[in-house]
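S.K.: Any chance you can model this:
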Amino acid sequence: MTFPSREFGAQEFDSDDKIAEFARSKNFPGILMKLGKVTGPNASEIWKQMKAESGASDPTWNFNGKFLVSKSGKVSVPRNVEADIEALMAEDDEL
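M.R.: Model prediction:
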């Protein structure tokens with residue numbers, strides 16, 4: 001899931017259509033949210049929820065805002081992305 005935002009140097013395209021076209025051209029396999037904010041009180045509700053559950057602060061750059069969600073729904077901030085993803089994938093399927 002990705003949350004496009006123009007809050008970091010306006011590096012993101014300026015419309016949902018352009019963002020979706022770019023994502024398709026790169027074969028992005030995830031969920032693409034609408035262009036919006038990820039910092040402050042105007043951040044999307046799901047972003048604010050993940051931030052609150054994980055104890056994260058607002059990202060200071062677009063590549064700093066990452067969350068992992070376990071099979072049981074626990075939200076965390078990755079410390080070592082690859083190792084953390086492997087640990088989550090190995091999580092017991094009994095929930």
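S.K.: which phi and psi does Pro41 have?
M.R.: As for Pro41, its main-chain torsions (degrees, to the nearest 10) stand at phi -70, psi -20.
S.K.: Neighbours of it, how many?
M.R.: Counted with other C-beta atoms under 10 Å, the neighbours of Pro41 add up to 6. C-beta coordinates here come from the backbone N, C-alpha and C atoms, glycine included.
S.K.: So for it, what's the pLDDT?
M.R.: With respect to pLDDT, Pro41 has a value of 94.
S.K.: so where's this protein uncertain?
M.R.: For the chain, the stretches with pLDDT under 70 are 92-95.
S.K.: Contacts only, for Ala20.
M.R.: Leu32 (C-beta atoms under 8 Å, 6 or more residues apart in numbering).
S.K.: any idea how far it lies from Met33?
M.R.: Counting by C-beta to C-beta, to the nearest Å, the separation of Ala20 from Met33 is 11 Å.
S.K.: Excluding covalently adjacent residues, which one is nearest to Ile85?
M.R.: Excluding the flanking residues, the one nearest Ile85 by C-beta to C-beta, 6 or more residues apart in numbering is Leu68, at 6.7 Å.
S.K.: For that neighbour, give its distance to Asp58.
M.R.: Taken as C-beta to C-beta, the span from Leu68 to Asp58 is 18 Å.
S.K.: more crowded one of these two?
M.R.: Leu68 (17 against 14).
S.K.: That one contacts Glu82, doesn't it?
M.R.: No - if you go by C-beta atoms under 8 Å, Leu68 and Glu82 don't touch, sitting 11.1 Å apart.
S.K.: got the contact list for Pro59?
M.R.: Taking C-beta under 8 Å, 6+ apart as the test, what Pro59 contacts is 8, 38-39, 65.
S.K.: which residues in the protein form helices?
M.R.: 16-25, 45-54, 81-89 (DSSP state H).
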